[in-house]
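Trainee: heads up, no residue letters with this:
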């Protein structure tokens, strides 16, 4: 595998936070729809089961976009890629805001997901610039921006959806992409590729990397199941809050997202902890936290205090798992970090898309109990994967 030598640098803290902001603002595009699903279903006069496809196809688009776009980061200068993707994302968001029927919404959901892969170019870049002994801390900070974007997206879209309508949210998001374009031009440095391989060869090499790297396979399955459980909750929470159990609207669902801010605050701490204690240990703790959240949902979910406690545990576990798993993945094959990230994040968001689908199905068929059992099932698979790999070491 032909590649350039890597010059590790002690990444500047200001640049780390700029990268975190870029991740947060762009990833938000994937999650604006979740508190708005109820309004979307009423706007197009479709069932909650059908409108759940909006979240599912957004995740599918994101996964496919990562598979075909992110490997290019190993052979093409990344700043230019990011600028082109920001323009494409702005166009996709405008198309979504202009949709006239549910079929168009689903197609545009896919396009929004497909073009919103910018965070997955930023994360390998941050890993590349950081020293090995600080990589967990750096990635923890960048990923805290990612989680903040996910949480604030739901809060902002919940409020805007209530007061201005769901279309306004997507027009505003398109404007944010243009603002971010200007910011990236000014602040983000150029990143020369480390590999000289062809696009065809790097796609072909994905299979060899998956086959060779057992740690990558383990982390990818663990991440997929944990994010799947996370998506099960967030795809269905608006329906639960709008049900007779709570009689709340999208504004409350968006505000509810802020409770998960604990994961944002904890991310850099988790990253530093994984640098010291080892990422394998923190992955196990992460699965425990996330599963505990669903146990609380199952037993106390019809009480708002139970929902709050469960959400704190779920967000903390999910964020911890992502930081730890990505730190492990980026310790492998420095010249192929974008491909490693592609494999991990494609699996991650396939898990998310599956979780969105299973969550909607579980809600419509079995209610809140079905949602909780589905989340626990995903996390049980993650736990079995974790235990098996521990014993094989």
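Mentor: Thanks, I have it. All of these numbers come straight from a predicted model, not from anything done at the bench.
Trainee: quick one: low-confidence parts of the stretch 1-150 of the chain?
Mentor: Within the stretch 1-150 of the chain, the stretches with pLDDT under 70 are 1-11.
Trainee: And stretch 46-57, what's buried?
Mentor: Neighbour-count burial for stretch 46-57, counted by 16 or more other C-beta atoms under 10 Å, picks out 46, 48, 51-57. Any C-beta I mention is one placed from the backbone N, CA and C, and that applies to glycine too.
Trainee: before we move on, what about stretch 189-206?
Mentor: Those buried within stretch 189-206 under the rule 16+ other C-beta under 10 Å are 191, 193-195, 197, 202-203, 205-206.
Trainee: pLDDT, secondary structure and distance to residue 152 added to those, as TSV?
Mentor: Formatted as TSV, the buried residues of stretch 189-206 follow (pLDDT from 0 to 100; DSSP: H, G, I helix; E, B strand; the rest coil; distance: C-beta to C-beta, whole Å):
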residue	pLDDT	secondary structure	distance to residue 152
191	79	coil	27
193	75	coil	32
194	69	coil	33
195	72	strand	35
197	82	coil	38
202	86	helix	34
203	88	helix	34
205	88	helix	36
206	89	helix	33
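Trainee: quick one: which of the buried residues of stretch 46-57 is nearest residue 151?
Mentor: residue 55 (15.9 Å; C-beta to C-beta).
Trainee: What sits closest to that closest one if chain neighbours are left out?
Mentor: Among residues not flanking residue 55 along the chain, residue 356 sits closest, at 4.2 Å (C-beta to C-beta, 6 or more residues apart in numbering).
Trainee: Can you name every helix or strand that the helix or strand hosting the one you found contacts?
Mentor: Following DSSP states H and E, one finds residue 356 within helix 337-392. With contacts defined as 3 or more C-beta pairs under 8 Å, 6 or more residues apart in numbering; DSSP states H and E, the packing partners of helix 337-392 are helix 48-69, helix 119-129, helix 199-212, helix 214-242, helix 279-300, helix 304-329.
Trainee: Mind pulling up the pLDDT for residue 363?
Mentor: Predicted confidence (pLDDT) at residue 363: the value is 94.
Trainee: okay, now the closest residue to residue 366 other than its chain neighbours: neighbour count?
Mentor: Nearest non-adjacent residue to residue 366, counting by C-beta to C-beta, 6+ apart: residue 373, 7.6 Å away. Using other C-beta atoms under 10 Å, residue 373 has 14 other residues around it.
Trainee: ditto for the one 4 residues further on
Mentor: Other residues within reach of residue 377 by the criterion other C-beta under 10 Å amount to 16.
Trainee: and the gap between it and residue 58?
Mentor: 23 Å (C-beta to C-beta, to the nearest Å).
Trainee: how many neighbours does residue 352 have?
Mentor: 30.
Trainee: ok, it touching residue 225?
Mentor: No - between residue 352 and residue 225 there is no contact under C-beta atoms under 8 Å: 10.4 Å.
Trainee: Distance check, residue 121 against residue 114.
Mentor: Distance from residue 121 to residue 114, by C-beta to C-beta: 14 Å.
Trainee: Okay, helices next: where are they in the stretch 51-200 of the chain?
Mentor: Along the stretch 51-200 of the chain, the segments classed as helices by DSSP state H, counting those that start in this stretch run 78-97, 102-115, 119-129, 135-163, 166-187, 199-212.
Trainee: Select, out of the ones you listed, the one closest to residue 238.
Mentor: Evaluated over the helices of the stretch 51-200 of the chain, closeness to residue 238 peaks at helix 135-163, with 8.6 Å, by C-beta to C-beta.
Trainee: could you give the angle of that closest one to helix 119-129?
Mentor: 160 degrees (axes from the mean of the first three to the mean of the last three C-alpha atoms, to 10 degrees).
Trainee: From the contact counts, what lies against helix 135-163?
Mentor: Helices and strands touching helix 135-163, by 3+ C-beta pairs under 8 Å, 6+ apart, are helix 13-27, helix 119-129, helix 166-187, helix 250-256, helix 261-277, helix 304-329.
Trainee: Now tabulate these in TSV and tack on mean neighbour count and distance to residue 42.
Mentor: Below are the helices and strands packed on helix 135-163 laid out as TSV (neighbours: other C-beta atoms under 10 Å; distance: least, C-beta to C-beta, whole Å):
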stretch	mean neighbour count	distance to residue 42
helix 13-27	21	27
helix 119-129	25	31
helix 166-187	17	10
helix 250-256	22	11
helix 261-277	20	29
helix 304-329	24	24
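Trainee: Quick one, which of the ones you listed gets closest to residue 214.
Mentor: Here helix 304-329 is closest among the helices and strands packed on helix 135-163 (C-beta to C-beta), at 11.4 Å.
Trainee: Leaving out the residues flanking it, which one is nearest to residue 76?
Mentor: In space, residue 76 is closest to residue 193, 6.0 Å off (C-beta to C-beta, 6+ apart).
Trainee: Looks like that neighbour contacts residue 71 (just checking).
Mentor: No - using C-beta under 8 Å, residue 193 is not in contact with residue 71, being 10.8 Å away.
Trainee: any idea how far stretch 110-127 is from the chain center?
Mentor: 10 Å (C-alpha atoms, centre = their mean, to the nearest Å).
Trainee: should've said stretch 51-59
Mentor: Centroid separation for stretch 51-59 versus its chain: 14 Å, with C-alpha atoms, centre = their mean.
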